[in-house]
Structures are given as structure tokens and as C-alpha cells.
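> build the 3D model from these lines:
(chains A and B)
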2 protein chains.
Amino acid sequence: MEKIVTQTLLYDFYGALLTDHQRKIYEDVVFGDLSLSEAAEDAGISRQGVHDILKRCTKAMEEYEEKLGLIAQHQSILRKTEEIGRLSEKARTADPERTEVLERISALAREIAEEV
Amino acid sequence: MEKIVTQTLLYDFYGALLTDHQRKIYEDVVFGDLSLSEAAEDAGISRQGVHDILKRCTKAMEEYEEKLGLIAQHQSILRKTEEIGRLSEKARTADPERTEVLERISALAREIAEEV
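Take a look at the predicted model:
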């Protein structure tokens, strides 16, 4: 399970940097639940070839994360946007104009969370 | 000027993905104000070699931006964190406890702006 989460996160952030061929195989095996042999047959390469490609993809994406740190950044910003949401709830008053401003703050925090 | 801004932005976001050799030459010419010939002499390669490396670096970083869009994301999130800052000023009341909450929201928005 832990492995799938990591593989999914890596792919979410860095899948765009893989080649089409790598992406197809990665998706087939990691998300499409094909066995290595089935993916190998699909791609017309050996089972060992599929295994090597997957290993290379994971290594490449781990290296991107080491250099760019987008997953770490995403998680840190998510914590902050959630806190902004909680705090803007807390700052509410009976004043409807102020409530509207605080709701706009919450909405902006949610938009940021979706962008990172 | 426009070109320098673009080159600086690209390098800020994707410089980590260049090789050490590419980074050295890019920094010498773009930030260190060496001429192509001076950078070439430093690196022990031809002036044309330096020219080609710079072109290749810029192209590679532009491709990363096309695929990952980090600069566009950065600018979009910056606009949102600035708006959160403005709105949390606007939502202030005389209540010191509420002011503290709103200041914490502003501080979180500034932290997010620094992280992206």
C-alpha cells in the first residue's frame, strides 16, 4: 500500500517528464493492474524489459523529487491552506460583510491547495 | 531585459535539473556577465560550444516549464496569497483575539508565497 501511494504521488508530480513509452508501461502496471508479463506482451518487449523500465522510471522520478522537492512542497502548502481554512472559520463574526471576506479567503486557500 | 527575467525565472525553477557543467556555464554568462569568449576560455571549450550549451539549457528548461508549469503556478499562487493578505487586513476588527487570528492567516499566506 505504502509503495502504491509513493508510486502514485511520484507519477502525479513527475509523470509528465517520462517518455510516452515509459508512461504507458508505468500506467499499465502500476494503475492498470497488468502483471509484468501482460504489460510485456502488450508492449512487445520482455518481462525483464518491463521490470527495468519500471525501475528506471521510479529512480528518475525519485531524482526529480530530490532536485525539485515538489511533493514535499505540496504537502507543506496543503497543511498551510488547511490551517488558513480553519482560522478563517474561527475569525467569523455576525457581520455578513466580514463573513463574505473570510469566505473568500477560504476559497482562495482551497484554490491554492488544488494548484500545488 | 525581458530576456534576462525569463532566463532568471527559468533558472530559478529548473536550474537544479541541469548538469553541473551546464549550470557553471549558464551562471557565468547569464548571471556572471562573462562574454561567450570569456566563458569559453574558462571552461576550455570553444565559443560556439558555450553558445550551444546555453541554447540547449534554455530549450531544456522551457520544455520543463511546458510539462510542469511551475512558473505559471508560482505566479498564480502569488496573486492568491497577496489577495489573502489584503482580505485579512480588510476583515480586521477591534477585537485583539480576532486580529491575532487574521495576522496568522497573513503569515501563512506569506509562507506559502515563499515556498512556491
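> can you confirm whether stretch A:109-116 lies near chain B?
Yes. Remark: stretch A:109-116 sits within contact range of chain B at A:109, A:111-112, A:115-116, by C-beta under 8 Å from any C-beta of the partner chain. The C-beta positions use only the backbone N, C-alpha and C, and glycine is treated the same way.
> buried residues of the helix or strand of chain A with the lowest mean pLDDT, list them for me.
Within chain A, confidence by mean pLDDT, DSSP states H and E is lowest for helix A:2-14 among all helices and strands, at a mean of 88. Of the residues in helix A:2-14, A:7, A:9-11, A:13-14 count as buried by neighbour count, 16 or more other C-beta atoms under 10 Å in any protein chain shown.
> before we move on, what about stretch A:73-89?
Neighbour-count burial for stretch A:73-89, with 16+ other C-beta under 10 Å as criterion, is recorded at A:73-74, A:77, A:80-81, A:84-85, A:87-88.
> do stretch A:11-28 as well
Judged by neighbour count (16+ other C-beta under 10 Å), stretch A:11-28 contains these buried residues: A:11, A:13-15, A:17-18, A:22, A:24-26, A:28.
> what's that stretch in contact with?
Contact with stretch A:11-28 is made by A:30-31, A:34, A:38-39, A:42-43, A:50, A:53-54, A:56-57, A:60-61, A:64-65, A:70-71, A:74, B:64, B:67-68, as judged by C-beta atoms under 8 Å, 6 or more residues apart in numbering or on different chains.
> out of the residues of stretch A:109-116 next to chain B, which sit inside strands?
In strands, judged by DSSP state E, none of those are found.
> filter those to the buried ones?
If you count burial by 16+ other C-beta under 10 Å, the buried members of these come out as A:109, A:112, A:115-116.
> how about those residues in a markdown table, adding pLDDT?
Conversion of those to a markdown table gives the following (pLDDT from 0 to 100):
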| residue | pLDDT |
| --- | --- |
| A:Ala109 | 97 |
| A:Ile112 | 98 |
| A:Glu115 | 94 |
| A:Val116 | 93 |
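> just the residues you listed now: which is nearest B:Ile105?
Closest to B:Ile105 out of those is A:Ala109 (8.6 Å), distances taken as C-beta to C-beta.
> now the closest one: how far from A:Gly85?
In this structure, A:Ala109 and A:Gly85 are 5 Å apart, going by C-beta to C-beta, to the nearest Å.
> ditto for A:Ala39
Computed with C-beta to C-beta, the distance linking A:Ala39 and A:Gly85 is 41 Å.
> which non-adjacent residue is nearest A:Leu68?
B:Ala16 (6.3 Å; C-beta to C-beta, 6 or more residues apart in numbering or on different chains).
> now do A:Ile84
Per C-beta to C-beta, 6+ apart, closest to A:Ile84 is A:Ala109, 4.1 Å.
> surely A:Lys90 and B:Val101 touch.
Yes. With contact defined as C-beta atoms under 8 Å, A:Lys90 counts as touching B:Val101 (5.4 Å).
> give me the more crowded residue out of these two.
Summary of the neighbour comparison: A:Lys90 and B:Val101, criterion other C-beta atoms under 10 Å in any protein chain shown, with B:Val101 having more neighbours (20 against 14).
> show residues contacting whichever strand or helix holds the more buried one.
Using DSSP states H and E, B:Val101 sits within helix B:96-115. Contacts of helix B:96-115 from elsewhere in the structure, counted by C-beta under 8 Å, 6+ apart, are A:73, A:76-77, A:80-81, A:83-84, A:87-88, A:90-91, A:93, A:105, A:112, B:77-78, B:81-82, B:84-85, B:88-89, B:91-93.
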